[in-house]
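**Q** okay, sequence plus prediction incoming.
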Amino acid sequence: MAGEGQEREREHDELVSIHAPGADEVSILAWPLLLRRRFVERVERSSKYPWLVLVAALYGLFATGFTITILAVSLPTIADDLGSSTTTLTWVITGPLLAFGVVGPAAGKAGDLFGQKRIYLAGLFLSGVLAIGIALSWNASSLIAFRVLAAAAGAASGPASMAMINAVFPRERRVQAMGYWSMVGAGAPVLGVVAGGPIVEALSWRLIFFMQAPLVFFGVALSALILPETQRKRGIRLDVLGAALLAVGVTSLLLALNRGPVLGWDHPVVLGGFVLAPLTLAVFWWWERRVPQPLVRLDYLRRRNVAAPVATQTFTNFAYMGGFIITPLLLAEVFHYGPSRVGLLSIARPLTFAVAAPLGGRLALKAGERTMGVVGATAVVLSMVGLAQITRSSSDLIVIGALALSGIGLGVSSPSMAATIANDVDQGDLGIAGAVQQMMTQVGVVAGIQLMQTLQVAMEDSRGLVGSYQAAYYLGAAVCCLGVLAAAFVRRSARDDGGDAAAVDPALDLAS
């Protein structure tokens, strides 16, 4: 506090010296500070301040997130450009997935300790710099390296943005804010998959990242002005060993799941990952129980409103993303649709998600988080069952309806689960709580994509092409049923003052 007081005194001295004789040089430096200070004070006094924070944070999240998957549909084009192979360039997709397992939890905890705004701005700025590096990549190795580093920087901004949003919204309105966060956080990468092919085909994959850099840098400037300052905790150190153990355990699991279909599930690398993951995570658990300042408070994992929402997110994303990846393959192989028609049909899912996520956040104010979690997860189950009914004679409307139901389901459940976790942990642990949630969601995503694809390929000889896809969808439905069960254990945490959402401060209502 003393350091902050001295800093304010120094800034005040600079501002006062504007009117001192012969102080022209100082006034040149002080006027920008004065203008910035007045702007920030005016913004923070606004009744719309929480929503301004939400917009600023989500802009940065979108600017870094929409390119996460944009190269997935363009690997052959990029391979030709760089003189490489698509097999090598699959690490452009795999590397970022692993980077999140390494960086995510440590970045979330660092935000809790050193300030969420600092971590968010640092991650955002590095993402912009690395976007230029990606655009200038001269071979496959440089492209993979820049993509992994960019993903690591982006992993820092996700939990920090969630923590700052939850910090400025009251508990009863966090679920509504998380609706918009979920829409952008999950919708941006999906939009990249849908739009990536046409953009690369019409323009250039390099141009995409050249365009991304200034968008990100604008987000840095906007966030620096609007986002709230967060206090730095004194006398608390980052649990480096705990972060390393968790990173090794989760990364081993993600690597094994990702490489299993490629190398074979009995390959030494894959088996080694499946053996190393539980051993390392067991050591992590042992260490966290003994270290005085742990990375993750293990007592949180014994709370229903932390463990159950995390499990719900993991299992529903298993089905959601697994189904999202194999459906375009089904449309291409069974119906022989081209990329444009496949992309057009696939838009049904992100569009309905974009509508359902903020709407689900508002409905949760009345219905409660458990209801929305159960309804949303059930909708994802039904979407998987619906996709499993597709045959060669099925119409496009069935495909669109099933995909839309999947988007509605995850859009309805995700905000409630995220807000439930935020409402059940201490304010100072919002960063690590968000990071652990995203980490487990990532595990569900990777597991769903790889296991559903693997089952489809394995069943093709015995059940035929259509039957193999049906088996994969039924696997997604079965796993998602565990998400329904987990959501049923959630306790309602949002308060709606007697069921009237308008009883909450109307200044925090987006429509006010």
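**A** That came through fine.
**Q** which parts of the stretch 401-512 of the chain are helices?
**A** 430-487 (DSSP state H, counting those that start in this stretch).
**Q** pass me the low-pLDDT residue ranges in the stretch 351-500 of the chain, would you?
**A** 493-500 (pLDDT under 70).
**Q** the chain now?
**A** Within the chain, the stretches with pLDDT under 70 are 1-46, 68-75, 87, 100-102, 186-187, 189-197, 201, 230-235, 339, 493-512.
**Q** what about the closest residue to residue 137 other than its chain neighbours, how many neighbours?
**A** Spatial nearest neighbour of residue 137, excluding adjacent residues (CB to CB, 6 or more residues apart in numbering): residue 143 at 3.8 Å. (Glycine included, C-beta is placed from N, CA and C.) Residue 143 has 26 neighbours, counted by other CB atoms under 10 Å.
**Q** helix/strand/coil for residue 143?
**A** With DSSP: H, G, I helix; E, B strand; the rest coil as the basis, residue 143 sits in helix.
**Q** just list the residues touching it, thanks.
**A** 78, 82, 89, 92, 134, 137 (CB atoms under 8 Å, 6 or more residues apart in numbering).
**Q** so who does the most centrally placed residue in the chain touch?
**A** Centroid-nearest residue in the chain, with CA atoms, centre = their mean: residue 185, separated by 4.6 Å. Residue 185 makes contact with 61, 65, 158, according to CB under 8 Å, 6+ apart.
**Q** run the chain-centre distance for the strand or helix carrying residue 329.
**A** Per DSSP states H and E, residue 329 falls inside helix 304-333. Computed by CA atoms, centre = their mean, to the nearest Å, the chain-centroid distance of helix 304-333 equals 14 Å.
**Q** number the chain from 786, please
**A** In the new count, where the first residue is 786, that last one comes out as helix 1089-1118.
**Q** what packs against the helix or strand that that helix is followed by?
**A** Counting by DSSP H and E, the element after helix 1089-1118 in chain order, helix or strand, is helix 1124-1131. Packed against helix 1124-1131 by the contact rule (3 or more CB pairs under 8 Å, 6 or more residues apart in numbering; DSSP states H and E) you find helix 959-987, helix 1089-1118, helix 1181-1209.
**Q** pull the distance from the helix or strand following helix 1124-1131 to the chain's centre.
**A** As assigned by DSSP H and E, the chain's next helix or strand after helix 1124-1131 is helix 1133-1152. In terms of CA atoms, centre = their mean, the centre of helix 1133-1152 is found 17 Å from the chain centre.
**Q** can you list the buried residues in helix 1133-1152?
**A** Within helix 1133-1152, the residues that qualify as buried are 1133-1139, 1141-1150, 1152, counting by 16 or more other CB atoms under 10 Å.
**Q** got it, and stretch 1032-1041?
**A** Quick answer for stretch 1032-1041 (16+ other CB under 10 Å): 1032, 1033, 1034, 1035, 1036, 1037, 1038, 1039, 1040, 1041.
**Q** pull the most distant pair out of those.
**A** Across these, the longest distance by CB to CB is 14.8 Å; it joins 1032 and 1041.
**Q** between helix 1215-1272 and the helix or strand residue 880 falls within, find me the angle.
**A** Using DSSP H and E, residue 880 falls within helix 876-899. On the basis of axes from the mean of the first three to the mean of the last three CA atoms, to 10 degrees, helix 876-899 is oriented at 120 degrees to helix 1215-1272.
**Q** how is this structure carved up into domains?
**A** 810-1019, 1024-1079, 1088-1283 (automatic domain parsing).
**Q** name the stretch among those that sits most buried.
**A** domain 1088-1283 (a mean of 21; mean count of other CB atoms under 10 Å).
**Q** wait, which of the contacts of residue 970 is closest to residue 1116?
**A** residue 850 (25.1 Å).
**Q** I'd guessed the closest one sits against residue 973; true?
**A** Yes: using CB atoms under 8 Å, residue 850 is in contact with residue 973, at 3.6 Å.
**Q** didn't residue 1066 look like it was pressed against residue 1027?
**A** No: here residue 1066 does not reach residue 1027: they are 11.2 Å apart, not a contact under CB under 8 Å.
**Q** so which of the contacts of residue 928 are in helices?
**A** Among the contacts of residue 928, the members falling in helices (DSSP state H) are 863, 867, 874, 877, 919.
**Q** spit out the contact partners of the second one.
**A** Read that as residue 867. Residue 867 neighbours (CB under 8 Å, 6+ apart): 874, 922, 923, 924, 925, 928.
**Q** do that again at 7 Å, thanks
**A** With contact taken as CB atoms under 7 Å, 6 or more residues apart in numbering, residue 867 is in contact with 924, 925, 928.
**Q** what about residue 1274, distance to residue 1047?
**A** 36 Å (CB to CB, to the nearest Å).
**Q** my error: substitute residue 1269 in the last question.
**A** According to CB to CB, residue 1269 and residue 1047 sit 32 Å apart.
**Q** can you check residue 1246 too?
**A** On the measure of CB to CB, residue 1246 and residue 1047 end up 19 Å apart.
**Q** equivalent analysis for residue 1182, please.
**A** 35 Å.
**Q** now swap in residue 1245 and tell me
**A** Distance from residue 1245 to residue 1047, by CB to CB: 17 Å.
**Q** ok, residue 1272 next?
**A** 33 Å.
**Q** and if you look at residue 833?
**A** Distance from residue 833 to residue 1047, by CB to CB: 49 Å.
**Q** swap in residue 990?
**A** According to CB to CB, residue 990 stands 23 Å off from residue 1047.
**Q** and residue 1258, what is it in contact with?
**A** 1108, 1169, 1172, 1173.
**Q** closest to residue 1260 out of those residues?
**A** Nearest member of the contacts of residue 1258 to residue 1260, counting by CB to CB, is residue 1169, at 8.4 Å.
**Q** so that closest one touches residue 1103, yeah?
**A** No: with contacts counted by CB atoms under 7 Å, residue 1169 stays clear of residue 1103, the gap being 10.1 Å.
**Q** between these two, what contacts are shared?
**A** With CB under 7 Å, 6+ apart as the test, residue 1169 and residue 1103 both reach 1261, 1265.
**Q** about what we covered before: please tabulate the helices and strands packed on helix 1124-1131 in TSV, including the columns distance to residue 1250.
**A** Shown next, in TSV, are the helices and strands packed on helix 1124-1131 (distance: least, CB to CB, whole Å):
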stretch	distance to residue 1250
helix 959-987	23
helix 1089-1118	6
helix 1181-1209	16
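**Q** residue 1230 is nearest to which of these?
**A** So among the helices and strands packed on helix 1124-1131, helix 1089-1118 is nearest, using CB to CB, at 4.4 Å.
**Q** show me the buried residues of stretch 1032-1041 that map onto helices.
**A** Per DSSP H, these map to helices at 1032, 1033, 1034, 1035, 1036, 1037, 1038, 1039, 1040, 1041.
**Q** now do the contacts for the second one.
**A** Residue 1033 makes contact with residue 1065 under the criterion CB under 7 Å, 6+ apart.
**Q** the third one too?
**A** Shown in contact with residue 1034 (CB under 7 Å, 6+ apart): 1062, 1065, 1066, 1069.
**Q** which of those residues sit farthest apart?
**A** Maximum distance among the contacts of residue 1034 (CB to CB): 10.5 Å, for 1062 and 1069.
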